[in-house]
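Student: Here is the input, now give the coordinates:
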Amino acid sequence: MKDSRRSKGFQRWSARRKTEAVLRVLRGESLDIVARELGVKASTLARPWDLFLRSGEKGLKSRPGDPQVLENETLKAKIAELT
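Tutor: A predicted model of the protein is given here:
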């Protein structure tokens, strides 16, 4: 029961905090060690890791100057500003 509570708590972390955890792994730290230090299961940390990597891949596939991409970026910035 304690582990499930920790997993749920991780979902409530800010995007910034999840990003920092993912970046630690990208910089070479072990996913298991980072997860343990943060008090979550490795499988729980793997979810934002996968989302982060997919988002990065999507960004690399977009063309610079693509009006759809520019509009999406503008809208995302506005949403972030409002929240």
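Student: The top helix by length along the chain: how far from the chain's middle?
Tutor: Ranked by residue count and defined by DSSP state H, the top helix of the chain is helix 42-61. Per Cα atoms, centre = their mean, to the nearest Å, the displacement of helix 42-61 from the mean C-alpha position of its chain is 6 Å.
Student: what packs against that helix?
Tutor: Contacts defined by 3 or more Cβ pairs under 8 Å, 6 or more residues apart in numbering; DSSP states H and E place helix 42-61 against helix 2-11, helix 15-26, helix 31-38. Where you see a C-beta, it was placed from the backbone N, CA and C, and this is true even at glycine.
Student: Could I get the buried residue list for that helix?
Tutor: 44, 45, 48, 49, 52 (16 or more other Cβ atoms under 10 Å).
Student: one step back: can you tell me which of the helices and strands packed on helix 42-61 has the worst average pLDDT?
Tutor: Of all the helices and strands packed on helix 42-61, mean pLDDT reaches its minimum on helix 2-11 (a mean of 51).
Student: how close does the residue nearest to residue 52 when sequence neighbours are not counted get to residue 54?
Tutor: Using Cβ to Cβ, 6 or more residues apart in numbering and skipping the chain neighbours, the partner closest in space to residue 52 is residue 22 (4.7 Å). Note on residue 22: its distance to residue 54, by Cβ to Cβ, to the nearest Å, is 12 Å.
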